[in-house]
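**Q** coordinates only, sequence not included:
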Ligand code: BGC
């Protein structure tokens, strides 16, 4: 039987990247393609990039296509876009990307997609109870998984902590902006953030993803919180893999 291949495309605050994914293993079957995206890319400009990425991987042309977005996505419609152009708000991204690529598309939140991948193949696989995945990048994305099932569109990255929108102080971008070392970031920002989250949710496990999870050994051991915190196993490929898996779960013709 032919290997089932899906295509995942991950729209982030600074880049948009895609790769074909072997749905049975979660591995990329070709090198990913990445474009930088200016912050104020309009939905139409972004749809053109999605089209180009989809066209670049003909081997995945007949498989499911999933696209992540760094904001709330309800039934394919974008509801928030904290780090992208406001023109996204209330855009029907599913319709837009379907028109651009000529094929059905599943659109979901980026952290939710990462959680789908980590639950299937990574750090949250077979973990019972409440798992909180956080992605530390341009913003803070969160996904809540309860006994293997995703509760979509949680936005704990925007909790108010000490009078601030949490992601503006504890994201990886905030660390760089404020010139903090990993140690300072962990002690001054992450511990405070995770304690607030922990008081509200009492997760059994915290999975830390986003590009910075590659450097997890520099800050995770410094976290002083009760639940175990582990790095995402798929590192920053999780969004792409999870997008393809979520689209496959929906079936090709899911609307
Ligand atoms: C958005 C989330 C997103 C996260 C990571 C936040 O600003 O509100 O929906 O998951 O950034 O991209």
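**A** Received, thanks. These figures come from a predicted structure and were not determined experimentally. Residues are numbered from 1 along each chain as shown.
**Q** what about the closest residue to residue 188 other than its chain neighbours, how many neighbours?
**A** Of all residues not flanking residue 188 in the chain, residue 180 sits nearest, at 6.9 Å (C-beta to C-beta, 6 or more residues apart in numbering). Bear in mind the C-beta positions are built from the backbone N, C-alpha and C, glycine included. Using other C-beta atoms under 10 Å, residue 180 has 15 neighbouring residues.
**Q** same check, this time on residue 138
**A** 22.
**Q** skipping its backbone neighbours, what lies nearest it in space?
**A** That would be residue 13: by C-beta to C-beta, 6+ apart, it lies 3.0 Å from residue 138.
**Q** if we can go back for a sec, measure the residue nearest to residue 188 to residue 217 for me?
**A** Distance, residue 180 to residue 217, using C-beta to C-beta, to the nearest Å: 17 Å.
**Q** re the thing from before, tell me the secondary structure at the residue nearest to residue 138.
**A** Classification of residue 13 by DSSP: H, G, I helix; E, B strand; the rest coil places it in coil.
**Q** equivalent analysis for the one 3 residues further on, please.
**A** Under three-state DSSP, the three-state class of residue 16 is strand.
**Q** from memory residue 194 sits against residue 226, does it?
**A** No - under the criterion of C-beta atoms under 8 Å, residue 194 makes no contact with residue 226, lying 9.8 Å away.
**Q** if you count surrounding residues, which of those two has more?
**A** Neighbour count, other C-beta under 10 Å: between residue 194 and residue 226, residue 194 has more, with 24 against 11.
**Q** list the residues that contact the more buried one.
**A** Residues near residue 194 by C-beta atoms under 8 Å, 6 or more residues apart in numbering: 206, 223, 225, 229.
**Q** did I read that right, it in a helix?
**A** Yes - judged by three-state DSSP, residue 194 forms part of a helix.
**Q** distance check, it against the ligand.
**A** Distance, residue 194 to the ligand, using C-beta to the nearest ligand atom, to the nearest Å: 16 Å.
**Q** can you check residue 81 too?
**A** From residue 81 to the ligand the distance is 8 Å (C-beta to the nearest ligand atom).
**Q** excluding its backbone neighbours, what's nearest that residue?
**A** residue 88 (3.9 Å).
**Q** so which bits of the chain are right by the ligand?
**A** Contacts of the chain with the ligand, taken as C-beta under 6 Å from any ligand atom, map to 70-72, 80, 82-83, 109-111, 135, 137, 139, 141, 155, 157-158, 167.
**Q** quick one: buried ones out of those?
**A** 70-72, 80, 82-83, 109-111, 135, 137, 139, 141, 155, 157, 167 (16 or more other C-beta atoms under 10 Å).
**Q** so who does the closest residue to residue 228 other than its chain neighbours touch?
**A** Excluding the flanking residues, the one nearest residue 228 by C-beta to C-beta, 6+ apart is residue 205, at 5.7 Å. Going by C-beta under 8 Å, 6+ apart, residue 205 touches 123, 124, 127, 129, 130, 131, 132, 227, 228, 229, 230.
**Q** show the buried residues in those residues.
**A** 123, 124, 127, 130, 131, 132, 227, 229, 230.
**Q** so the fifth one makes contact with residue 149?
**A** No - with contact defined as C-beta under 8 Å, residue 131 and residue 149 do not form a contacting pair (10.4 Å).
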